[in-house]
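*Asks:* output the structure for:
(2 chains)
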Amino acid sequence: MQQLIFGVFTLISFGFFAFNLRKIAQNIHLGLPLNRSDNKLERWRTMLLVALGQKKMFSRPVPALLHLALYAAFVITQIELIEIIVDGLSGSHRFFKDDLGGFYTFMISFIEVLSVLAFLGTVAFLARRNLLKLPRLTMKELAGWPKQDANLILIMEIVLIACIFAMNGADEVLRSYEGKTNGFAISSWLGPLFFQGKSHQTLELIEQIGWWGHIIMVYGFMNYLPYSKHLHIFMAFPNTYYSKLEPKGQLTNMASVTSEVKLMLDPNADPYATPENDATPSRFGAKDVTDLTWKNLMDAYSCTECGRCTSSCPANTTGKLLSPRKIMMDTRDRMVELGDFKRKNGKDAEDGKSLLGTYITEEELWACTSCNACVQECPVNIDPLSIIIDLRRFLVMEESKVPTELTGMLTNIENNGAPWQFAQTERINWAKED
Amino acid sequence: MSIQVRTMADMMACGESPEILFWVGCAGSFDDRAKKITKALVKILNKCQVNFAVLGAEESCTGDPAKRAGNEFTFQMQALMNIELLNGYEVKKIVTACPHCFNTLKNEYPELGGSYEVIHHTQLIQELINTGKLALADHGTFKGKKITFHDPCYLGRANDVYEAPRALIEKLDAALVEMKRCKTNGLCCGAGGAQMFKEAEKGNKEINIERTEDALQTKAQIIATGCPFCNTMMTDGVKHFEKEAQVEVLDIAELIANAADL
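*Replies:* Numbers count the residues shown, from 1 in each chain, chains lettered A, B, ... in the order given. The predicted structure is shown next:
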């Protein structure tokens, strides 16, 4: 009976997760095409260093170490999960224990030690958010759901760890009644500390609660991910693989503009000719998520709202409205909203909202200095700058909404080839001056 | 010392071609402060007998501020016209003292048909010193002084050039002191992304003030930069704190020209 319940539970969990992954893939495909299939070797290298190796986390060592504890525990605990699933489906108890012998004891002990570190890390993370109130973790864009989301994940983490120790600890005490021990590093003393003297029945119940609690948390967590910033644990990998590999300063050249400008500059061009290869997009720049590339949208799903970008943004740290983290959160929220809307009302349906306007204001966009600090800081290689520039392009090229002083600068470039009003013929005057 | 500058048009007329084109940029051509940087670099090039030329009246904005302001049309108009000119002169190598021009020429022009070897002036000066073409006089001009280097975003983070300017400061008889935010963590001066040409958005502080505080905390007497726009922003910042008498803002080219007695 238990096995059946477990089997059905497992199927439903993975099924629902797959259903949500499909939605995520659909939402990412709302974006425009972009070719990132080049340089496979460099891409693998970037993914291994940045996602698996956590390279960029270590520019801030304290949170990096705390995060490493959780990350390592999470990754290694998956090994134990294999046994839990096997036990659950077959009705066995610690299926691998007898075959693996000492190695089994070592692995479980290793997981236990990592779990203790992860517990400490989780408590520290909760404290940083709720007691120490670190500026980047308590900014206004995190008010409401994002804050609850962050705390909920940390609390789930603690419950999960508690379940592991309840399960292993109760097992250890049961063993001790038979004069044996599993010899697990932490639970062999933590178990007796809490459960010594309890009856067989109670201990078996505790072990069961721990076991079920553990698997419920794992499946629950897995299915919570698609609704949470915590999705970064998966998205970090594809997102770093598809990183921009060009120098950070290099912005894209809009191909649609190139063809038009070439026509303008070519004296032999026939202005009425049908363009051979009509690459003209529906609009220049981006107004909504559908005008961004799929990579911009993948970036949005990969963001875990850590705020390193915003805390290093010169505009934000001097009190301007711009927050690169908010740009990413807005992009994600708008993408999810539009994706849901289109699934319900057909793919050509419009909901009258847009990323620019409904979510992001012009004032935010015009505060950016394009300094790339946000891009540099992001531990999973998100590029908020490319979204900011695409939104600016829409404002300027489609709506002619340019700050007044910039209109002057642009006119000067067009008229006299410099952002200031100086005659081009005077460009060399410096050589004659003393 | 008077400077010797020839234009590409001149050279072409004489049937000559330079080894390297010096892309002066708009700031270097028109801004009074930046013109001094331009001249300092020319003095170094003259001293080392580098066969260079400028475009003079034919040079035009690379389009960087237009692109960053979102006007891709204006950018590509500029780019395509400049590329036609550069390709017409068969330019192979470009040096510039402006990291914005540097970034645009190096990274954004190739796809539009303009591929050149583009270097920042700090990289060229480093090469001139390393190959023995330029020697610094040992007059102790900077003896006992502290110099801090402000990383221009478009040189540092945008293009990963961090060492050339620092290596040059270390050649001086001075101590290089780093700001708390430097290299990859360097704080912007506030001018990039076309901000130079507009008022900052509403906030509680100007970015250049925040950055100047970083620089003043090092107690350096000289704030070195490698960008005419950073230079303006840091100079304004120093004035804001009324520290002009104690702290100078100088380009690396000026420091080296000074140390080489030019």
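
*Asks:* output the below-cut-off pLDDT ranges for the chain.
*Replies:* You didn't pick a chain, so chain A it is. In the predicted model of chain A, residues A:271, A:273-281 satisfy pLDDT under 70.

*Asks:* you answered for a different chain; I wanted chain B.
*Replies:* Along chain B, the model assigns pLDDT under 70 to residues B:1.

*Asks:* which residues in it form helices?
*Replies:* Counting by DSSP state H, residue ranges of the helices within chain B are B:8-13, B:25-30, B:32-47, B:64-68, B:72-88, B:99-103, B:121-130, B:163-171, B:207-217, B:228-240, B:252-259.

*Asks:* could you dump the ones you listed to CSV with distance to chain A and mean neighbour count?
*Replies:* In short, each C-beta sits where N, CA and C put it, glycine included. Shown next, in CSV, are the helices of chain B (distance: least, Cβ to the nearest Cβ, whole Å; neighbours: other Cβ atoms under 10 Å in any protein chain shown):
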stretch, distance to chain A, mean neighbour count
helix B:8-13, 10, 15
helix B:25-30, 4, 26
helix B:32-47, 4, 21
helix B:64-68, 5, 29
helix B:72-88, 4, 21
helix B:99-103, 4, 30
helix B:121-130, 15, 22
helix B:163-171, 15, 19
helix B:207-217, 5, 21
helix B:228-240, 10, 23
helix B:252-259, 14, 24
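
*Asks:* these: which one's closest to residue A:45?
*Replies:* Nearest of these to residue A:45, taken as Cβ to Cβ: helix B:163-171 at 22.4 Å.

*Asks:* list the contacts of that closest one.
*Replies:* B:120, B:122-123, B:125-126, B:129, B:136, B:147, B:149, B:151, B:155, B:176, B:224, B:226, B:252, B:255-256, B:259 (Cβ atoms under 8 Å, 6 or more residues apart in numbering or on different chains).

*Asks:* and stretch A:355-366, by the same measure?
*Replies:* A:286-289, A:292, A:320-323, A:326-327, A:330-331, A:333-334, A:388, A:391-392, A:394-395, A:401, A:403, B:198, B:201-202.

*Asks:* sort out for me which of the residues you listed are in helices.
*Replies:* Among the contacts of stretch A:355-366, the residues falling in helices (DSSP H) are A:326, A:327, A:330, A:331, A:333, A:334, A:388, A:391, A:392.

*Asks:* give the buried residues for stretch B:194-207.
*Replies:* For stretch B:194-207, the neighbour count (16 or more other Cβ atoms under 10 Å in any protein chain shown) marks B:194, B:195, B:196, B:197, B:198, B:200, B:201, B:203, B:206, B:207 as buried.

*Asks:* send the alpha carbons of stretch B:222-235 over as PDB?
*Replies:* Below are the C-alpha coordinates for stretch B:222-235, written out as PDB (Å, rounded to 0.1, in the frame of the first residue of the first chain):
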ATOM      1  CA  ILE B 222      47.000  62.200  -8.300                       C
ATOM      2  CA  ILE B 223      44.000  60.500  -9.700                       C
ATOM      3  CA  ALA B 224      45.000  58.900 -13.000                       C
ATOM      4  CA  THR B 225      42.500  57.900 -15.600                       C
ATOM      5  CA  GLY B 226      42.600  56.800 -19.200                       C
ATOM      6  CA  CYS B 227      39.400  58.300 -20.500                       C
ATOM      7  CA  PRO B 228      38.600  62.000 -21.300                       C
ATOM      8  CA  PHE B 229      35.100  61.600 -19.900                       C
ATOM      9  CA  CYS B 230      36.200  60.000 -16.700                       C
ATOM     10  CA  ASN B 231      38.700  62.900 -16.500                       C
ATOM     11  CA  THR B 232      36.000  65.500 -16.700                       C
ATOM     12  CA  MET B 233      33.800  63.700 -14.100                       C
ATOM     13  CA  MET B 234      36.700  63.200 -11.600                       C
ATOM     14  CA  THR B 235      37.900  66.700 -12.100                       C
END
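
*Asks:* centre of the chain versus that stretch, how much separation?
*Replies:* Here the centre of stretch B:222-235 is set off from its chain's centre by 9 Å, with Cα atoms, centre = their mean, to the nearest Å.

*Asks:* enumerate the residues of the stretch 101-250 of chain A near chain B.
*Replies:* Contact residues, the stretch 101-250 of chain A versus chain B (Cβ under 8 Å from any Cβ of the partner chain): A:246, A:247, A:248, A:249, A:250.

*Asks:* just flag the most distant two among those.
*Replies:* Spatial extent of these (Cβ to Cβ) is set by the pair A:246 and A:249 at 8.7 Å.

*Asks:* give me the common contacts of these two.
*Replies:* Joint contacts of residue A:246 and residue A:249 (Cβ under 8 Å, 6+ apart) are residue B:107.

*Asks:* just the buried ones out of the contacts of stretch A:355-366, please.
*Replies:* Buried, going by 16+ other Cβ under 10 Å: A:286-289, A:292, A:320-323, A:326-327, A:330-331, A:333-334, A:388, A:391-392, A:394-395, A:403, B:198, B:201, out of those.

*Asks:* residue in chain A nearest to chain B?
*Replies:* When scored by Cβ to the nearest Cβ, chain A has residue A:249 as its residue closest to chain B, at 2.6 Å.

*Asks:* residue A:168 touches residue A:189, doesn't it?
*Replies:* No. Residue A:168 lies out of contact with residue A:189 (Cβ atoms under 8 Å); the separation is 11.2 Å.

*Asks:* can you pick the most crowded of the residues of the stretch 101-250 of chain A next to chain B?
*Replies:* Most neighbours among those, by other Cβ atoms under 10 Å in any protein chain shown: residue A:249, with 28 neighbours.

*Asks:* please report how far it lies from residue A:345.
*Replies:* Residue A:249 sits at a distance of 41 Å from residue A:345 (criterion: Cβ to Cβ, to the nearest Å).

*Asks:* report the two of the ones in helices among the contacts of stretch A:355-366 separated the most.
*Replies:* A:333 and A:392 (20.4 Å).

*Asks:* the residue of chain B found nearest chain A: neighbouring residues, count only.
*Replies:* In chain B, no residue comes nearer to chain A than residue B:158, which is 2.6 Å away by Cβ to the nearest Cβ. Neighbour count for residue B:158, taken as other Cβ under 10 Å: 26.

*Asks:* spit out the contact partners of the nearest residue to residue A:26 once chain neighbours are set aside.
*Replies:* Leaving aside its sequence neighbours, residue A:26 sits nearest to residue A:339 (Cβ to Cβ, 6 or more residues apart in numbering or on different chains; 6.1 Å). Residues in contact with residue A:339 (Cβ under 8 Å, 6+ apart) are A:23, A:26, A:27, A:30.

*Asks:* what does residue A:151 give?
*Replies:* Applying Cβ under 8 Å, 6+ apart to residue A:151 gives the contacts A:126, A:129, A:130.

*Asks:* same deal with residue A:92?
*Replies:* Going by Cβ under 8 Å, 6+ apart, residue A:92 touches residue A:86.
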